[in-house]
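> sharing a model that was predicted from the sequence below.
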Amino acid sequence: HTIESGHFQWSAPSNIALVKYWGKKENHPSLKGELAKQIPANPSVSFTLNTCKTITKLAFAKKKNDTNFSFDLLFEGKPKEDFKPKIQKFLERIALYLPFINDYHFTIDTQNTFPHSSGIASSASGMAALAMNLMSLEKALNPAMTEDYFYSKASFLARLGSGSACRSVKGSLVVWGNQANINGSSDLYGVAYPQAIHDNFKNFQDTILLVDKGEKQVSSTLGHDLMHDHPFAERRFAQAHENLDQLIPIFESGNLNEFIKIVESEALTLHAMMMTSMPYFILMKPNTLEIINTIWKFRNETQIPVCFTLDAGANVHVLYPENVKEKVLQFIKHELVGYCQNGQYLCDEIGNGAERI
Ligand code: PMV
């Protein structure tokens, strides 16, 4: 098949890890060069979100004789030069797997449903949305491609843009990284969690409290690198495997008290790794701790199964089942909003993954 020009449009959601990816394998036993990039040191599992997403349109037109790589980038409809180097690096890295990439000029037009610089990382949803579009073009050129190959390769490509992006292709629970007890799990791409999931997790809620919307002081790339000489690295990687194993029966039984223990421990362990690396750093803010303490007090007093998790920043994700939504939102409005920057928070819930528009 040859295609002169056209466009695709996809949305891809953000995701929030329950077991955290923090640290990359330096040398994969069998992979070399670019292929060996962003291989996680431990497996992770995440909830795919529903409303926090990136919407990206990819327009393409065949070039006449120019064989150099070229593209334009628009953010919310306007040229955005400062995002270009990251996308350029991503496209160069994946060119090896998408031989058509040098034959076309691309215009990438992208926007997020969440406010710009809200402290919510758009790299996972952004890289996933771009990967979906590129796979649509590959499928148009090779129509025999199976659905399974399409999604696995989209996740594989997204991973090469930003590790956690590979968990933003599918829903509702996604595993990335080899784990003996999880069929089909892979270090190379995320897969929909293949085992039983209890109804307690159906429409699970994630209210994201925006504590600090500033630029991150330490990038996650640097943070991952600091796990290489980290005194607790090996134990931490083993712990992530153990926590994922423990979550398997919890996902099946819906035991929320056990779920909470693992999820909160994972969040604090992630930040403990940051505080114990050399150089050490702290991404939590005083209000992050105020929120955590207030959630613990509320949970003790009410027995409502609400918990928190954190990503690589100061914002707090408040997680809870749908049947306590009204009570938890009241609690958030009365007791937590005061700790949010400009009183801002975003209501989201578990979602189904990337969608073609
Ligand atoms: O995808 P990266 O390289 O930005 O790393 C993200 C790491 C965490 O968000 C802290 C944890 C995770 O598993 O998403």
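Structure's in. What do you need?

> pick out the residue of the stretch 101-250 of the chain closest to the ligand.
residue 164 (3.2 Å; C-beta to the nearest ligand atom). Yep, even glycine has a C-beta here, placed from its N, CA and C like the rest.

> and that residue, how many neighbours does it have?
30 (other C-beta atoms under 10 Å).

> am I right that it is in a helix?
Yes - the assignment for residue 164 (DSSP: H, G, I helix; E, B strand; the rest coil) places it in a helix.

> show me the contacts for the nearest residue to it once chain neighbours are set aside.
Leaving aside its sequence neighbours, residue 164 sits nearest to residue 124 (C-beta to C-beta, 6 or more residues apart in numbering; 4.8 Å). By C-beta atoms under 8 Å, 6 or more residues apart in numbering, the residues touching residue 124 are 14-15, 158, 162, 164-165, 167-168.

> please repeat the previous calculation with a cut-off of 7 Å.
By C-beta atoms under 7 Å, 6 or more residues apart in numbering, the contact list for residue 124 reads 14-15, 162, 164-165, 168.

> dump those to a markdown table, plus pLDDT.
Shown next, in a markdown table, are the contacts of residue 124 (pLDDT from 0 to 100):
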| residue | pLDDT |
| --- | --- |
| 14 | 97 |
| 15 | 97 |
| 162 | 93 |
| 164 | 96 |
| 165 | 97 |
| 168 | 98 |
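
> kindly export the biggest strand by length in the chain (C-alpha atoms) in PDB.
When the chain is scanned for its longest strand (criterion: DSSP state E), the result is strand 44-62. Below are the C-alpha coordinates for strand 44-62, written out as PDB (Å, rounded to 0.1, in the frame of the first residue of the first chain):
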ATOM      1  CA  SER A  44       4.700  -1.900  37.900                       C
ATOM      2  CA  VAL A  45       0.900  -1.800  37.700                       C
ATOM      3  CA  SER A  46      -1.300   1.300  37.200                       C
ATOM      4  CA  PHE A  47      -4.900   2.500  36.900                       C
ATOM      5  CA  THR A  48      -5.500   4.100  33.500                       C
ATOM      6  CA  LEU A  49      -7.300   7.400  34.000                       C
ATOM      7  CA  ASN A  50     -10.400   8.600  32.100                       C
ATOM      8  CA  THR A  51     -10.600  12.300  31.800                       C
ATOM      9  CA  CYS A  52      -6.900  13.500  32.100                       C
ATOM     10  CA  LYS A  53      -5.700  12.900  28.600                       C
ATOM     11  CA  THR A  54      -3.800  14.200  25.600                       C
ATOM     12  CA  ILE A  55      -5.600  14.500  22.200                       C
ATOM     13  CA  THR A  56      -3.200  14.500  19.300                       C
ATOM     14  CA  LYS A  57      -3.800  14.800  15.600                       C
ATOM     15  CA  LEU A  58      -1.100  13.600  13.200                       C
ATOM     16  CA  ALA A  59      -1.200  14.900   9.600                       C
ATOM     17  CA  PHE A  60       1.200  13.400   7.200                       C
ATOM     18  CA  ALA A  61       2.200  14.100   3.600                       C
ATOM     19  CA  LYS A  62       4.600  12.100   1.500                       C
END
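
> for it, name the packing helices and strands.
strand 5-19, strand 104-112, helix 123-141, strand 173-176, strand 345-349 (3 or more C-beta pairs under 7 Å, 6 or more residues apart in numbering; DSSP states H and E).

> coming back round to it: the residue of the stretch 101-250 of the chain closest to the ligand against residue 21, yeah?
Yes - with contact defined as C-beta atoms under 7 Å, residue 164 reaches residue 21; the gap is 6.0 Å.

> give me the pLDDT for residue 143.
You'll see residue 143 listed with a pLDDT of 94.

> SS state for it?
Quick answer, by three-state DSSP: residue 143 is coil.

> output the helices and strands packed on strand 44-62 in CSV; the columns should cover distance to residue 66.
Listed next are those as CSV, based on distance: least, C-beta to C-beta, whole Å:
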stretch, distance to residue 66
strand 5-19, 15
strand 104-112, 8
helix 123-141, 18
strand 173-176, 37
strand 345-349, 42
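
> could I get the ones you listed as TSV with distance to the ligand?
Output for the helices and strands packed on strand 44-62, formatted as TSV (distance: least, C-beta to the nearest ligand atom, whole Å):
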stretch	distance to the ligand
strand 5-19	3
strand 104-112	16
helix 123-141	6
strand 173-176	8
strand 345-349	15
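
> which of these sits closest to residue 356?
strand 5-19 (5.6 Å; C-beta to C-beta).

> packing partners of the closest one?
Strand 5-19 packs on strand 44-62, helix 123-141, helix 233-253, helix 256-275, strand 355-356, going by 3+ C-beta pairs under 7 Å, 6+ apart.

> where in the stretch 151-300 of the chain is pLDDT low?
215 (pLDDT under 70).

> got a list of what the closest residue to residue 220 other than its chain neighbours touches?
Take residue 220 and drop its neighbours on the chain: the residue closest to it by C-beta to C-beta, 6+ apart is residue 312, 4.8 Å away. Contacts for residue 312 were tallied using C-beta under 7 Å, 6+ apart; they are 216, 220, 223, 283.
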